[in-house]
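**Q** sequence and predicted structure are below.
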Amino acid sequence: MITMTAAAKRQTPLKVDPATDELIAQAAHFLGMTKKDFVAEASKAYLEQRREEVRRGMVESMRVLDGTLGSSVAALTGLSPERIEELGGAGEWEA
């Protein structure tokens, strides 16, 4: 379960294209709920369906981010560690 601090619980607008907003509005109306509640419930259901994909992505991120500056540069740029080395390396974290 994801938890948030009190400061992170502020509401922010969700920007969707007009067609998606219309789908959300219609679905919420016919289900007798607010658009906000529909989006929250739909998001939870979607993530539950794709839980294994999310888990695999998290595991892969942990493999890539080993604490070195090079791994951070690779994750941010999409370059392989080998290519970063060919370009002169990323150096080390400064203390």
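**A** Nice, I can see it.
**Q** can you show me the CA trace of the host helix or strand of Glu82 as CSV?
**A** Assigned by DSSP states H and E, Glu82 belongs to helix 81-86. Coordinates of each C-alpha in helix 81-86 appear next as CSV, following Å, rounded to 0.1, in the frame of the first residue of the first chain:
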residue,chain,number,x,y,z
PRO,A,81,27.3,2.0,-19.1
GLU,A,82,29.6,0.9,-21.9
ARG,A,83,28.7,3.9,-24.0
ILE,A,84,29.2,6.2,-21.1
GLU,A,85,32.7,4.8,-20.6
GLU,A,86,33.4,5.3,-24.3
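**Q** list the buried residues of that helix.
**A** Buried residues in helix 81-86, counted by 16 or more other Cβ atoms under 10 Å: Pro81, Ile84. (C-beta placed from N, C-alpha, C; glycine too.)
**Q** residues touching Phe38, list them.
**A** Residues in contact with Phe38, defined by Cβ atoms under 8 Å, 6 or more residues apart in numbering, are Ile24, Ala27, Ala28, Leu31.
**Q** skipping adjacent residues, who's closest to it in space?
**A** Ala28 (4.0 Å; Cβ to Cβ, 6 or more residues apart in numbering).
**Q** weed out the non-buried ones from the contacts of Phe38.
**A** Applying 16+ other Cβ under 10 Å to these flags Ile24, Ala28 as buried.
**Q** among the contacts of Phe38, which one lies nearest to Gly91?
**A** Of all the contacts of Phe38, Gly91 sits closest to Ile24, with 46.8 Å by Cβ to Cβ.
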